[in-house]
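1. Pasting the sequence and the predicted coordinates here, then a few questions.
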Amino acid sequence: MIEQRELPEIFESFSDARKQGFIAMKILKEQGKGVVGTFCTYVPIELFLAVGLIPVGLCSTSDETIGEAEKVLPRNLCPLIKASYGFAAADKCPYMYFSDLVVGETTCDGKTKMYELLGKIKDVHVMDLPHNQDRPASRATWMEEIKRLKSRVEEKFGVTITTEKLRQAIQQRNKERALLKNVYELSVMNPPPLSGLQQLQILFGVQFKFDHEKKVQELKETISKITDEYQNGKHPVAATAKRIIVTGCPIGGATEKFTRVIEESGAVVVAYENCTGAKQFDRQIDESAEPYDALCDYYLNIGCSVMSPNPNRLELLGRLCDQFKADGVLEMVLQSCHTYAIESYTIGEFLKTRNIPFMSLETDYSSGDTEQLKTRISAFIEML
């Protein structure tokens, strides 16, 4: 069922940008569009696209509502979890506010328990993600979870997800993935034709564009514009800038500070291995396979640190280092993100075998550690 909601009572207190987000979502709802909020790249959004639903990312990247969240959640918890819950509790996120269904996944214990509390505010469906990719039982479990989500969507919205509609959705999403991969692969060039901050803003911002054809056209125009300007001599990045790959937790919003510090220190971020970037767009779903088999294999093999072991992250990171001729790798780990924090050692040892300098840094959504980040990142870049 698609719920019709009025704007929240605190609407007038929002910035113009956030007001526009609320109004855009309200218009979609008035057009009869159902909205499904997600937290993770493991969620197969093709199931939603197949029946005309609007998928939107809900991982909040601001410390604005963390105080609200800490009335319920512990202080020593990942800021992504606290911010996401806080925006739901405070009615300050247009995408959470207008979501008819919220789909979570068991990528970490903190999120899993947070979903229980979120379920008192929103209609929540949780996918039970296996934490191993090479066992037949893991694949069987994940296939069952995808089919369970299909049934939940059909029941919730009164729709039928046909095989043909799902094939079309896979093709649609593959087209977007290919274009977004084209965007970040522009930075293979030396010097890159765009800064890492510009690249991040494109990759992060595209999830909030909901007209597929318009989004595809804008991406094509963006790629063409950047390429034409580069060929005409516009080189916004110095040829001497050290080439950095960023890995670790999702980056966007407040954590743009990490990229900003790197580039203010004289380097350039050429690629993001994390799920804001290549982890999400590097591969395509097999359009020739049976759709549910294709979805299962694609999503289960995402190289997140929740997987144990996690060879797919190493394979992708190593390939990016070669492709982008990386001078160094910097990892951003959000405070209390235990899986990424523990896996930092494995990443460091892997990069040692390739003679690529590596440093991992912990941060949160506040700006209080910016100077500390500057000191450590500047020293790392000078070492290169």
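-> All right, it came through fine.
2. Stretch 345-363: which residues count as buried?
-> I347, G348, F350, L351, I356, P357, F358, M359, S360, L361, E362, T363 (16 or more other C-beta atoms under 10 Å). Bear in mind the C-beta positions are built from the backbone N, C-alpha and C, glycine included.
3. Contacts for it next, please.
-> 247-248, 255, 257-258, 310, 313-314, 317-318, 321, 326-335, 341, 344, 369, 373, 376-377, 380, 383-384 (C-beta atoms under 8 Å, 6 or more residues apart in numbering).
4. now with 6 Å?
-> Here stretch 345-363 makes contact (C-beta atoms under 6 Å, 6 or more residues apart in numbering) with L314, C321, G328, V329, L330, E331, V333, Q335, S344, D369, F380.
5. so what strands line up beside the one helix or strand the fifth one maps to?
-> Of the helices and strands defined by DSSP states H and E, L330 is found in strand 328-334. Here strand 328-334 is paired, per DSSP bridges, with strand 242-248 (parallel), strand 358-363 (parallel).
6. show me the contacts for the residue nearest to the spatial centre of the chain.
-> Note on the chain: the residue nearest the mean C-alpha position is T276, at 3.8 Å, using C-alpha atoms, centre = their mean. Residues near T276 by C-beta under 6 Å, 6+ apart: L203, F204, P250, I251, G252.
7. Relative to S344, how far out is it?
-> 18 Å (C-beta to C-beta, to the nearest Å).
8. Which residue ranges of the stretch 151-300 of the chain form strands?
-> 242-248, 267-272 (DSSP state E, counting those that start in this stretch).
9. circling back to that earlier point, any idea which of the contacts of T276 is closest to L219?
-> L219 has its nearest neighbour among these in L203, at 10.5 Å by C-beta to C-beta.
10. which ones are touching the closest one?
-> Counted by C-beta under 6 Å, 6+ apart, L203 has contacts T276, G277.
11. Tell me the spacing between it and Y115.
-> 26 Å.
12. ditto for A50
-> From A50 across to Y115, the span is 24 Å (C-beta to C-beta).
13. okay, the buried residues of stretch 345-363 in CSV with distance to S187 and pLDDT next?
-> Shown next, in CSV, are the buried residues of stretch 345-363 (distance: C-beta to C-beta, whole Å; pLDDT from 0 to 100):
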residue, distance to S187, pLDDT
I347, 21, 98
G348, 24, 98
F350, 22, 98
L351, 19, 98
I356, 17, 98
P357, 19, 98
F358, 19, 98
M359, 20, 98
S360, 22, 98
L361, 22, 98
E362, 26, 97
T363, 23, 97
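14. Let me see the ranges of the helices in the stretch 251-384 of the chain.
-> 256-264, 278-281, 291-300, 311-323, 338-352, 370-383 (DSSP state H, counting those that start in this stretch).
15. Which among those helices is found nearest to L179?
-> Across these, closest to L179 is helix 278-281 (C-beta to C-beta), at 8.8 Å.
16. Just list what that closest one packs against, helices and strands only.
-> If you count contacts as 3 or more C-beta pairs under 6 Å, 6 or more residues apart in numbering; DSSP states H and E, helix 278-281 packs onto helix 163-185.
17. so for the helix it packs on, what's the average pLDDT?
-> Helix 163-185 comes out with an average pLDDT of 97.
18. May I have the secondary structure class of Y42?
-> coil (DSSP: H, G, I helix; E, B strand; the rest coil).
19. what's it in contact with, if anything?
-> Contacts here follow C-beta under 6 Å, 6+ apart; on that basis Y42 touches E105, L129, Y299.
20. Look at the last one and report its pLDDT.
-> According to the prediction, Y299 has pLDDT 98.
21. Ok, S15 next?
-> What the model reports for S15 is a pLDDT of 46.
22. In this structure, where is pLDDT below threshold?
-> Applying pLDDT under 70 to the chain flags the ranges 1-19, 21.
23. what's the domain layout of it?
-> 11-160, 165-383 (automatic domain parsing).
24. that older thread, would you list the contacts of T276 in a markdown table and tack on distance to S305?
-> Formatted as a markdown table, the contacts of T276 follow (distance: C-beta to C-beta, whole Å):
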| residue | distance to S305 |
| --- | --- |
| L203 | 20 |
| F204 | 20 |
| P250 | 12 |
| I251 | 15 |
| G252 | 18 |
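25. Report the two of these separated the most.
-> For the contacts of T276, the farthest-apart pair by C-beta to C-beta is L203 and P250; their separation is 10.7 Å.
26. Run the angle between the strand holding L330 and helix 256-264 for me.
-> 160 degrees (axes from the mean of the first three to the mean of the last three C-alpha atoms, to 10 degrees).
27. Dump stretch 203-220 to PDB, restricted to CA.
-> Extracted C-alpha coordinates of stretch 203-220, given in PDB (Å, rounded to 0.1, in the frame of the first residue of the first chain):
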ATOM      1  CA  LEU A 203      28.700   9.100  -7.700                       C
ATOM      2  CA  PHE A 204      27.000  10.000  -4.400                       C
ATOM      3  CA  GLY A 205      24.400  12.400  -5.900                       C
ATOM      4  CA  VAL A 206      23.100  10.200  -8.600                       C
ATOM      5  CA  GLN A 207      21.200   8.100  -6.100                       C
ATOM      6  CA  PHE A 208      18.800  11.000  -5.500                       C
ATOM      7  CA  LYS A 209      17.800  11.400  -9.200                       C
ATOM      8  CA  PHE A 210      14.700   9.300  -9.900                       C
ATOM      9  CA  ASP A 211      13.900   9.800 -13.600                       C
ATOM     10  CA  HIS A 212      15.900   7.000 -15.300                       C
ATOM     11  CA  GLU A 213      15.900   8.400 -18.800                       C
ATOM     12  CA  LYS A 214      16.800  11.900 -17.600                       C
ATOM     13  CA  LYS A 215      19.500  10.500 -15.300                       C
ATOM     14  CA  VAL A 216      21.100   8.500 -18.200                       C
ATOM     15  CA  GLN A 217      21.000  11.600 -20.400                       C
ATOM     16  CA  GLU A 218      22.600  13.800 -17.700                       C
ATOM     17  CA  LEU A 219      25.400  11.200 -17.200                       C
ATOM     18  CA  LYS A 220      26.100  11.100 -20.900                       C
END
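28. No further queries at this time; thank you.
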